[in-house]
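Undergrad: sequence and predicted structure are below.
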2 protein chains.
Amino acid sequence: MSKLKGNLVVGQSGGPTVVINQSLIGIIKEALQYEEIGDIYGAKNGVVGILNEEFIDLRRETLKTLSLIAQTPSSALGSCRYKPKKEDCEEIFRIFEKYDVHYFFYIGGNDSAESANIINEIARAQNYELRIFHVPKTVDNDLVITDHCPGYGSAARYVALSFIGNTLDNHSLPGIKVDVCMGRHAGWLTAASAIGKKYEDDGPHLIYIPERPVTLQKILDDIENVYTKYDRELVAISEGVKDANTGEELAKVLAKDIEGDAFGNIQLSGTGALGDFLVSEIKNNLGEKLNKKLRVRADTLGYNQRCFPTIVSEIDAKESFMVGQAAVKYAMLGNIDGSVAINRIGEGKDYAVEIFLGKLKDVAAATKRLPADFINSSSNGVTEAFVKYAKPLIGKLPKIERFQENIVKKR
Amino acid sequence: MSKLKGNLVVGQSGGPTVVINQSLIGIIKEALQYEEIGDIYGAKNGVVGILNEEFIDLRRETLKTLSLIAQTPSSALGSCRYKPKKEDCEEIFRIFEKYDVHYFFYIGGNDSAESANIINEIARAQNYELRIFHVPKTVDNDLVITDHCPGYGSAARYVALSFIGNTLDNHSLPGIKVDVCMGRHAGWLTAASAIGKKYEDDGPHLIYIPERPVTLQKILDDIENVYTKYDRELVAISEGVKDANTGEELAKVLAKDIEGDAFGNIQLSGTGALGDFLVSEIKNNLGEKLNKKLRVRADTLGYNQRCFPTIVSEIDAKESFMVGQAAVKYAMLGNIDGSVAINRIGEGKDYAVEIFLGKLKDVAAATKRLPADFINSSSNGVTEAFVKYAKPLIGKLPKIERFQENIVKKR
């Protein structure tokens, strides 16, 4: 076993999750076990903090603080949406040299894996031993190789609970309700809307995801069919759902004021535009066709999906800690690098996982979408196979009940 | 003690809460104790079900079902937004005569108290003994007489947790975030955004409520001040906040397609319009002034505020059950009627309440707004007095922690 002496840097990147600090604390607590690890630096705001040499000394934090931070949502070190350019990565490498950093752990999505990969290649070319690990997190669940992503289970739990609540609300006060979920390129979170369904007529009755481009007309036809059957309905739709005619995001077609982030992505979260647009289309087109005034509402579930305190899947929290811890264990094994991943080895009540190591370049910039067998044949819902996959990840759901409804004979 | 033999009707009205079924089950379980109560009818969808003579036989439900329904969010009997006209109330009275109903419990807001009051007056004029009780519920907390409304504590807990999460998120990825809360006429739910603040620089940094009309310019000036100080900020705003110039709702000015409900109310929930409008104003005006591209987002917390499963204040659940139970106890005391209310008799850790009976006509159609001493002098925040009032109602909040942040000396 190679004993590489050096300092450690850990950073967090991209959109936070409610369990991302579990991974951070998993890394710190494991790192504290090894003599060869010197200083433990937390980079403020991910690579931005590294480039600015803004580090905090994590060895000076108390164990009590560490334990409380593990349970605190969002990135305790601060985050960034900055994707370093080649020059930035070279600069990061120089800074690592200057601070005698030989261990680097970057908690984030596929962009973070890509950054880690570039820095790694520079280090290799310079014959500088840098043990660099990508620790996966994303509520979007769209990283490849891993069975699922730390952060997804808790966010999916939030979505599942939202839809349990919304279908009950919709049952109490009937109408057409549209709920817009996070998911730019993949429908994992939106699909989670189906996990809590108990009764045959529970919503969501329709689910639209980026994997299946759709026309507005098809959505309106589907909505009419469901409404005709139940006199109420609940629709789940991903913010990133595509228009089948143009290939563009439905939301984009509407947004007059498109704002891109540093990754060149369009803003789809933090706006109610898609929901409001659909409400207006449903009211106008369907209302006219059915010749009645429809009660139509939309909610955009928004940032609460990724930051709502207390809605944490226990399994997700535990696994998030484990992947952080495992990254450090791998780092101590020798001159290796990679992206920590989860392999599922048991299903249902026997759900269990093992951790393994994937290649940085395989995770970098790739997106895992819902496989075909998780999507129904009408492209407007998910299959039992998806529910079976996702259920163990979100934890136990509350029991929901209805009256038997023995109707009193009219007098 | 008067022994009035007769059947019982219970109904639920208006927007659901996560604990409204506690009140319903409180009524049913208490009613099961008294011999003089004959059939126990659940009216489907409130007064609409009474008018259609759609009753379910609640005596045929199992105790297990009742217990599970108590914990199920939203109105298990179904709800309505229909406010009965005078003729409807006369019809309801005739139906009560026909079904030998002498006990009527209506769970709802001030409109429900008003309906109960009208039906009551008709019964009195006919010398028909009808023991009629309004059982309060509303997430809006805007009923008079009572210290607070069943349903508010849980919804306020949801809002408080949302803002704890959102300020952490905003701390991780700085920008300007606007969160729109429910509250058409009163700012109780929006004010709850402040309850979970721990650190001086935690959001919400600004809170706008219907009690204090405001101009867009004042909002933009406030936002600029906070942003200049913290480089990030979180704003809470009620959906019903008024424009100080016109007296109209800010949201209304924007909504092209205003839809009123049966009470003549304008739709403010179920749309992201207010938030999106503010984002656009902030980006354009403030971005230009500060000469930088601002990251601005808005979320509208939406129906989850009133229906999200598991986010329940234990005290709220308990009190909701109590008011239902108390209504039946009052009904058994004699030929009385009224609106059940809560009086607070202990503060802080010694928080305690007692139940009392208010007059139907006093609760009918009245709205309780935030008193002046709960609102700060700048009209953009709440006071410690409000936090002291609201804190016991929402239950224990999770512990949030930050790093000490010992900065590493630059090399």
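TA: That came in fine, so what should we check first?
Undergrad: who are the packing partners of the lowest-mean-pLDDT helix or strand in chain A?
TA: Ranking every helix and strand in chain A by mean pLDDT, DSSP states H and E puts helix A:250-254 at the bottom, with a mean of 75. When contacts are defined as 3 or more C-beta pairs under 8 Å, 6 or more residues apart in numbering or on different chains; DSSP states H and E, helix A:250-254 sits against helix A:273-281. Heads up, the C-betas are built off the backbone N, CA and C, glycines and all.
Undergrad: contact partners of the helix it packs on?
TA: With contacts defined as C-beta atoms under 8 Å, 6 or more residues apart in numbering or on different chains, helix A:273-281 is touched by A:178-180, A:216, A:219-220, A:235, A:237, A:239, A:241, A:250-251, A:254-255, A:268, A:296-300, B:257, B:270-273, B:276.
Undergrad: which of the residues in the least confident helix or strand of chain A are buried?
TA: A:250-252 (16 or more other C-beta atoms under 10 Å in any protein chain shown).
Undergrad: and these, which is closest to chain B?
TA: Minimum distance to chain B across the buried residues of helix A:250-254 is 11.5 Å, recorded for A:Ala251 (C-beta to the nearest C-beta).
Undergrad: A:Lys242 against A:Pro213, yeah?
TA: Yes. Counting by C-beta atoms under 8 Å, A:Lys242 touches A:Pro213, with 3.9 Å between them.
Undergrad: circling back: want to throw the buried residues of helix A:250-254 into a markdown table with distance to B:Tyr389?
TA: Formatted as a markdown table, the buried residues of helix A:250-254 follow (distance: C-beta to C-beta, whole Å):
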| residue | distance to B:Tyr389 |
| --- | --- |
| A:Leu250 | 44 |
| A:Ala251 | 40 |
| A:Lys252 | 45 |
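Undergrad: quick one: the helices in the stretch 251-400 of chain A?
TA: A:273-281, A:287-290, A:304-307, A:314-331, A:360-363, A:384-394 (DSSP state H, counting those that start in this stretch).
Undergrad: please identify the most buried of these.
TA: helix A:304-307 (a mean of 28; mean count of other C-beta atoms under 10 Å in any protein chain shown).
Undergrad: what bits of chain A have low per-residue confidence?
TA: Low-confidence segments of chain A (pLDDT under 70): A:1-2, A:254-270.
Undergrad: run the last query once more with 90
TA: Along chain A, segments meeting pLDDT under 90 span A:1-3, A:250-273, A:276-277, A:280-281, A:284-285, A:287-293, A:347-349, A:365.
Undergrad: tell me which residue of it lies closest to chain B.
TA: A:Gly272 (1.4 Å).
Undergrad: need the contact list for A:His185.
TA: Contacts of A:His185 by C-beta under 8 Å, 6+ apart are A:140, A:142, A:210, A:240, A:367, A:369.
Undergrad: state the distance from A:Gln71 to B:Ala116.
TA: From A:Gln71 across to B:Ala116, the span is 46 Å (C-beta to C-beta, to the nearest Å).
Undergrad: so the two - more neighbours on which side?
TA: B:Ala116 (30 against 19; other C-beta atoms under 10 Å in any protein chain shown).
Undergrad: wait, a strand at that one?
TA: No. The assignment for B:Ala116, made by DSSP: H, G, I helix; E, B strand; the rest coil, is helix rather than a strand.
Undergrad: stretch A:39-51 and chain B, are they touching?
TA: Yes. Applying C-beta under 8 Å from any C-beta of the partner chain, one finds that stretch A:39-51 is in contact with chain B at A:39, A:41-42.
Undergrad: how about residues contacting stretch A:60-68?
TA: Applying C-beta under 8 Å, 6+ apart, the set of residues contacting stretch A:60-68 is A:25, A:28-29, B:399-401, B:403-404, B:406.
Undergrad: check stretch A:326-342 too.
TA: A:1-2, A:4, A:26-27, A:30-31, A:34, A:36, A:103, A:105, A:113, A:116, A:120, A:129-136, A:143, A:145-148, A:150, A:319, A:323, A:353-360, A:362-363.
Undergrad: quick one on the thing from earlier: run the chain-centre distance for the least confident helix or strand of chain A.
TA: 22 Å (C-alpha atoms, centre = their mean, to the nearest Å).
Undergrad: which residues are contacting that helix?
TA: A:214, A:216, A:239-243, A:246, A:258, A:266, A:268, A:271, A:273-274, A:277.
Undergrad: so how many other residues sit close to A:Asn225?
TA: Count around A:Asn225 with other C-beta under 10 Å applied: 14.
Undergrad: wait, I meant A:Glu347
TA: Around A:Glu347 there are 12 residues (other C-beta under 10 Å).
Undergrad: repeat for A:Lys85
TA: 11.
Undergrad: quick one: the strands in the stretch 101-250 of chain A?
TA: A:101-108, A:131-136, A:176-181, A:206-208, A:233-238 (DSSP state E, counting those that start in this stretch).
Undergrad: so which of those is nearest A:Asn291?
TA: Of all the strands of the stretch 101-250 of chain A, strand A:176-181 sits nearest to A:Asn291, with 15.4 Å by C-beta to C-beta.
Undergrad: export the closest one to CSV, keeping only CA atoms.
TA: Coordinates of each C-alpha in strand A:176-181 appear next as CSV, following Å, rounded to 0.1, in the frame of the first residue of the first chain:
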residue,chain,number,x,y,z
ILE,A,176,-57.2,20.0,-13.4
LYS,A,177,-53.8,20.5,-11.7
VAL,A,178,-50.4,20.6,-13.4
ASP,A,179,-47.3,20.2,-11.3
VAL,A,180,-44.0,21.0,-12.9
CYS,A,181,-40.9,19.0,-11.7
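Undergrad: buried stuff in that strand?
TA: Quick answer for strand A:176-181 (16+ other C-beta under 10 Å): A:176-181.
Undergrad: so does that strand get close to chain B?
TA: Yes. Strand A:176-181 is in contact with chain B by C-beta under 8 Å from any C-beta, via A:Lys177.
Undergrad: how far away from the center of its chain is that strand?
TA: On C-alpha atoms, centre = their mean, the centre of strand A:176-181 falls 19 Å from that of its chain.
Undergrad: now that strand against helix A:273-281, angle please.
TA: When axes from the mean of the first three to the mean of the last three C-alpha atoms, to 10 degrees is applied, the directions of strand A:176-181 and helix A:273-281 differ by 160 degrees.
Undergrad: what residues does the stretch 301-411 of chain A have near chain B?
TA: So the stretch 301-411 of chain A meets chain B at A:301-304, A:306-311, A:397-408, A:410-411 (C-beta under 8 Å from any C-beta).
Undergrad: try the stretch 151-300 of chain A
TA: Going by C-beta under 8 Å from any C-beta, the residues of the stretch 151-300 of chain A near chain B are A:161-162, A:164-166, A:168-169, A:171-173, A:177, A:257, A:259, A:261, A:267, A:269-273, A:275-276, A:279-280, A:283, A:293, A:296-300.
Undergrad: can you select the buried ones among those for me in PyMOL?
TA: To isolate the buried subset of these in PyMOL, counting by 16+ other C-beta under 10 Å, use the following:
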select buried, chain A and resi 161+162+164+165+166+168+169+171+172+173+177+259+267+269+270+271+272+273+275+276+279+280+283+296+297+298+299+300
